[in-house]
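Peer 1: How does the following fold in three dimensions:
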Amino acid sequence: MNSRWLLPFVLFAPLAFAADLSPAARKEARDMFERVIAFKTSQGLGQVPAMASYLASELRSAGFDERDIHILPVDETASLVARYRGRGKGKPVLLLAHMDVVTANPAEWQRDPFKLIEENGYFFGRGTSDVKSEIVAITTAFMRLRRAGFVPQRDLIIAFTGDEETTQATTRDLVERHRDLIDADYALNGDGGGGTFAEDTGKAQIFYLQGAEKSYATFELTARNAGGHSSQPRDDNAIYELADALKALQAYHFPVRWNEWTLGSFAAAGPATGGDLGAAMSRFAANPEDTAASDRIAREPGYVGRTRTTCVATMLKGGHAENALAQTAAASVNCRIFPGTRWEDVRSELQTVVGDKVEVKQAGRAFRFRGIADA
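Peer 2: Numbering: from 1, shown residues only. Predicted structure coming up:
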């Protein structure tokens, strides 16, 4: 996570300015990080607008004009847009991140998910890497540069959305209803890329640039049955049939995929990563049909999605009474789809994998993104 803190400073300021972080600037960023982690910005808790208001007040304190700061509510959530006015030489640059986080059940965490905890050089808490670190990095970069009197050549625009992890309604609202506030030459997404430092020396190893995003779709697997009383069990049981389907999905791996971007990424990352993982990256880059190499990469959660489509069960529901046979049993399966693959084809492939006793249908929206995956 720490490497990502460098990104906004490299983007906006001369290198000497970027490297000169005073103790006061570090404390300001650290304090803001602690504040934003404490906002419970999961779906249904309604705290995204409060976080947006806090960030807006910090920007005002640094000298940003009220007219250039916009909090745009959408149902229980909101987006925040702030403009750093420049010299008008070219269209603006848009900087993106999201204020919301995935739901966290404190009872299932070793530490309080909504309290920033620092241990052994690492931060713990919901959103420390996805993606409140980037929220703080971008916001404090804007503040420092404004106080220093820096005037960019073109306008810089913050666009922090409020429901990236769920419906993405705030993103659609910005595009469809507030396009004038975010119209830009291009966008830089804080929720992509990133880098790593060596554990032993602290030396920077890799910094990734993200070319685009994989597609996102959730499917519902449903087994149905006439039901009955639990005192008269039968072989055709909706819960068992769903369980069989999920075990089949667990054992299935989508075909390995690649493109010029991902091969170039693995070729560069292999030597820097080192070890058997780095060797597998180099072999895959040289020959993407090397099954042993792709299998080794796939064992790393941080890299499995760069070589194939992935689908995994995330939620279960079924049954209506403890002494009755379930008439319906269902599971949510979330898929991250390799660029160039249609979600309809993934649904069809899932149906083949789980068999004809379970129905596979799209649940909610499928989000489509252009381009290619992390590299």
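Peer 1: in the stretch 201-350 of the chain, which spans are strands?
Peer 2: Remark: strands assigned in the stretch 201-350 of the chain by DSSP state E, counting those that start in this stretch are 204-208, 215-224, 228-229, 310-318, 324-325, 328-337.
Peer 1: Least confident of the ones you listed, on average?
Peer 2: Sorting those by mean pLDDT places strand 204-208 lowest, at a mean of 82.
Peer 1: mind checking how far the residue lying closest to residue 322 once chain neighbours are set aside is from residue 251?
Peer 2: Leaving aside its chain neighbours, residue 322 sits nearest to residue 230 (7.6 Å; criterion: C-beta to C-beta, 6 or more residues apart in numbering). (C-beta placed from N, C-alpha, C; glycine too.) According to C-beta to C-beta, to the nearest Å, residue 230 and residue 251 sit 29 Å apart.
Peer 1: what do you get for residue 127?
Peer 2: With C-beta to C-beta as the criterion, residue 127 and residue 251 are 33 Å apart.
Peer 1: Show me which of these two is the more surrounded one.
Peer 2: Using other C-beta atoms under 10 Å as the criterion, residue 127 and residue 251 rank with residue 127 on top: 30 against 8.
Peer 1: doesn't residue 41 make contact with the more buried one?
Peer 2: Yes - applying C-beta atoms under 8 Å as the test, residue 127 and residue 41 come out as touching, 7.3 Å apart.
Peer 1: Can you check which residues contact both of the two?
Peer 2: Here residue 127 and residue 41 have residue 101 as joint contacts, going by C-beta atoms under 8 Å, 6 or more residues apart in numbering.
Peer 1: what about the residue lying closest to residue 203 once chain neighbours are set aside, how many neighbours?
Peer 2: The spatial neighbour of residue 203 that comes closest, neighbours along the chain excluded (C-beta to C-beta, 6+ apart), is residue 197 at 6.5 Å. Other residues near residue 197 come to 14 when the count uses other C-beta under 10 Å.
Peer 1: and residue 197, what pLDDT?
Peer 2: 79.
Peer 1: Distance of it relative to residue 268?
Peer 2: Residue 197 sits 17 Å away from residue 268, going by C-beta to C-beta.
Peer 1: same thing with residue 256?
Peer 2: 19 Å.
Peer 1: out of these two, which sits in the more crowded spot?
Peer 2: residue 256 (19 against 16).
Peer 1: Which pLDDT value belongs to the residue nearest to that one when sequence neighbours are not counted?
Peer 2: Of all residues not flanking residue 256 in the chain, residue 294 sits nearest, at 4.7 Å (C-beta to C-beta, 6+ apart). Note on residue 294: pLDDT of 96.
Peer 1: same deal with residue 274?
Peer 2: 88.
Peer 1: Give me the neighbour count for it.
Peer 2: Other residues close to residue 274 by other C-beta under 10 Å number 12.
Peer 1: Make 39 the starting number, not 1.
Peer 2: OK, 39 is where the count begins now, so the last one is residue 312.
Peer 1: Report the beta-bridge partners for residue 248.
Peer 2: When bridges are called by DSSP bridges, residue 248 pairs up with residue 412.
Peer 1: how near is it to residue 377?
Peer 2: For residue 248, the distance to residue 377 - C-beta to C-beta - is 12 Å.
Peer 1: likewise residue 302?
Peer 2: Distance, residue 302 to residue 377, using C-beta to C-beta: 15 Å.
Peer 1: Could you do residue 155 as well?
Peer 2: Residue 155 is 36 Å from residue 377, by C-beta to C-beta.
Peer 1: next one: residue 286
Peer 2: From residue 286 across to residue 377, the span is 26 Å (C-beta to C-beta).
Peer 1: so where's this structure uncertain?
Peer 2: 39-58, 250, 402-413 (pLDDT under 70).
Peer 1: count of residues packed around residue 248?
Peer 2: 18.
Peer 1: actually residue 397, sorry about that
Peer 2: Look at residue 397: counted by other C-beta under 10 Å, it has 15 neighbours.
Peer 1: Next: residue 95.
Peer 2: Neighbours of residue 95 under the rule other C-beta under 10 Å: 10.
Peer 1: Please name the bridge partners of the nearest residue to residue 354 once chain neighbours are set aside.
Peer 2: Leaving aside its chain neighbours, residue 354 sits nearest to residue 369 (5.3 Å; criterion: C-beta to C-beta, 6+ apart). Listed beta-bridge partners, residue 369: residue 259, residue 354 (assigned using DSSP bridges).
Peer 1: show me the contacts for residue 369.
Peer 2: Contacts of residue 369 by C-beta under 8 Å, 6+ apart are 258-259, 280, 283-284, 351, 353-355.
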